[in-house]
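**Student:** fold the following.
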Amino acid sequence: MIDLGLVVARLLHFAAVTNLAGVSIFPLYAHADAEPMVLLRWRQRVLLAAAIAALFSGVVWFVFAVANMSGTLADVADREVLWTVLNETTFGRVWTARMLLAVIVLGVASRRFASTAGPQPDWIMSFLTGALLASLAGVGHSQIEEGVAGVIHVTSDAAHLLAAGA
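**Tutor:** Numbers count the residues shown, from 1 in each chain. Purely as a prediction, here's the structure:
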């Protein structure tokens with residue numbers, strides 16, 4: 001059950017974050033002129049939904065990761081286990097930074113959704129969502145390597161994720 005939950009949470013998180021980055025980056029290279037207003041409103045709704053999904057799935061991923069590390073879902077309620085995962089594992093430290101970034105992305109997406117401003121290039125959202133997507137390289141299989149090989153692996157994974165998202 002824990003393994004299945006972890007796989008599903010990661011799948012949903014990767015899908016939400018990839019969608020978030022792709023929908024943010026798309027207008028930067030797709031429109032020679034201003035983006036049509038109807039497309040802008042549709043894109044803003046997708047961004048908001050994907051930002052919510054990214055934050056929610058990120059939290060669920062953390063719950064199942066903690067359960068996977070400790071061996072039981074009950075340990076998710078144990079403060080000592082949570083503290084250990086958050087502060088003494090690379091996953092916990094990177095996850096904390098990623099969730100802070102996800103909250104910022106959700107705030108910006110909410111503000112953009114409520115805005116009545118017309119179409120304009122949104123470099124801020126593209127940068128934030130690109131950073132969120134690239135940061136997935138810090139919690140994946142690239143963490144196996146150490147030293148220069150680890151840096152190269154994380155960097156190439158991040159570039160691969162950004163290319164897939166764009």
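
**Student:** give me the below-cutoff pLDDT ranges for the chain.
**Tutor:** Low-confidence segments of the chain (pLDDT under 70): 116-119, 141-143.

**Student:** select the longest helix from it.
**Tutor:** The single longest helix within the chain, with elements called by DSSP state H, is helix 37-70.

**Student:** buried stuff in it?
**Tutor:** Of all the residues in helix 37-70, those buried under the rule 16 or more other Cβ atoms under 10 Å are 40, 43-44, 46-51, 53-58, 60-67, 70. The C-beta positions use only the backbone N, C-alpha and C, and glycine is treated the same way.

**Student:** residues in contact with the residue nearest to Arg112 when sequence neighbours are not counted?
**Tutor:** Nearest non-adjacent residue to Arg112, counting by Cβ to Cβ, 6 or more residues apart in numbering: Gln44, 5.6 Å away. The contact partners of Gln44, taken as Cβ atoms under 8 Å, 6 or more residues apart in numbering, are Ala109, Arg112, Phe113.

**Student:** in three-state terms, label the first one for me.
**Tutor:** Using DSSP: H, G, I helix; E, B strand; the rest coil, the structure places Ala109 in helix.

**Student:** check contacts around it.
**Tutor:** Contact analysis of Ala109 by Cβ under 8 Å, 6+ apart lists Gln44, Leu47, Leu48, Ala50, Ala51, Met125.

**Student:** dump the residue contacts of the residue lying closest to it once chain neighbours are set aside.
**Tutor:** In space, and not counting its chain neighbours, Ala109 is closest to Ala51: 4.2 Å by Cβ to Cβ, 6+ apart. Counting by Cβ under 8 Å, 6+ apart, Ala51 touches Leu20, Ala102, Val105, Leu106, Ala109, Ser110.

**Student:** repeat that for 10 Å
**Tutor:** Ala51 sits next to 16-17, 19-20, 24, 102-110, 112-113, 125, 128-129, 132 when contact means Cβ atoms under 10 Å, 6 or more residues apart in numbering.

**Student:** give me the subset of those lying in helices.
**Tutor:** Going by DSSP H, the helices hold 16-17, 19-20, 24, 102-110, 112-113, 125, 128-129, 132 from the contacts of Ala51.

**Student:** from Ser156, how far out is Ala149?
**Tutor:** Going from Ala149 to Ser156 by Cβ to Cβ, to the nearest Å gives 11 Å.

**Student:** check Ser126 too.
**Tutor:** Distance, Ser126 to Ser156, using Cβ to Cβ: 21 Å.
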